[in-house]
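pasting the sequence and the predicted model now:
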Amino acid sequence: MLIGKNNLDKLKSKNGVHFLKDINMIGLISDTHIPEAGKSLWPEVIRIFKEVDLILHAGDMHDLSVLKELEEIAPVLACRGNGDDGSSGRPIMPSHPSVETNQLLHVNAFSIGLTHSFIFDSRLGISIDNQMQEKFNQNVDIVVAGDTHVPLVQPISDSSYIINSGSALLPYNFNPQLGTVGFIEFNGSKSFDMWIEVLHE
Ligand SMILES: [Fe+2]
């Protein structure tokens with residue numbers, strides 16, 4: 001692992017662009033909606049992320065306390081969700097050095113764009129390339145998104161994929177319950193695997 005736990009300074013670079021090496025496993029979490037969905041993360045989240053080198057939160061934190069909980073496990077980067085910016089009359093979440101509107105990561109040989117909402121249904125006529133340029137200033141190999149509370153992993157072009165880890169506390173926008181998280185595991189600079197896991201006791 002390149003970065004020590006709680007050592008966020010080594011993660012930071014300018015304007016939400018990060019260059020990271022020797023990352024084996026990234027934990028993905030989104031739409032934790034604290035305190036609406038609960039006072040804190042389920043202990044199952046802490047347990048399932050114990051092997052990760054880095055955590056990405058895809059927005060709708062609502063309260064920055066969730067970052068503190070996650071930083072106990074591994075360094076965290078996050079993006080702002082609509083619920084962090086006042087949607088439905090919620091208070092606007094304060095700024096935080098680990099949180100940007102969108103983030104671009106270069107991990108091993110791959111580029112990852114972290115954003116809350118990413119539209120990839122071609123029937124809606126919204127260009128994937130344009131969204132990538134707008135959000136990350138480049139095309140990326142992996143888009144990590146949230147917003148829908150519905151987990152998915154799928155290709156969105158010949159060379160890129162999207163992974164949405166759903167919601168760890170409000171899966172499918174149901175009542176608070178054990179939800180879903182995601183993982184990206186790298187095989188050095190050669191390849192990566194991505195998957196979703198359902199939290200369980
Ligand atoms: Fe949400």
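Looks like it came in fine.

ok, which stretches of the protein are helices?
Counting by DSSP state H, one finds helices in the chain at the ranges 43-48, 65-71, 128-136.

contact residues of the protein facing the ion?
31, 60 (Cβ under 5 Å from the ion). Heads up, the C-betas are built off the backbone N, CA and C, glycines and all.

how about Pro94, nearest residue that isn't a chain neighbour?
Closest residue in space to Pro94, ignoring its immediate chain neighbours: Leu64 at 6.6 Å, by Cβ to Cβ, 6 or more residues apart in numbering.

go through the helices of the chain and pick out the most buried.
helix 65-71 (a mean of 18; mean count of other Cβ atoms under 10 Å).

tell me, how many residues neighbour Lys39?
8 (other Cβ atoms under 10 Å).

from the ion, how far off is it?
Lys39 is 17 Å from the ion, where distance means Cβ to the ion, to the nearest Å.

so where is the protein shaky, pLDDT-wise?
1-15 (pLDDT under 70).

and with 80 instead?
Low-confidence segments of the chain, defined by pLDDT under 80: 1-16.

the strands in it, which residues?
17-20, 25-29, 54-57, 76-79, 99-100, 103-107, 110-114, 142-145, 152-155, 161-164, 180-187, 191-198 (DSSP state E).

any chance of the ones you listed in CSV, plus distance to Lys135?
Formatted as CSV, the strands of the chain follow (distance: least, Cβ to Cβ, whole Å):
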stretch, distance to Lys135
strand 17-20, 12
strand 25-29, 17
strand 54-57, 14
strand 76-79, 9
strand 99-100, 10
strand 103-107, 8
strand 110-114, 6
strand 142-145, 9
strand 152-155, 18
strand 161-164, 12
strand 180-187, 18
strand 191-198, 19
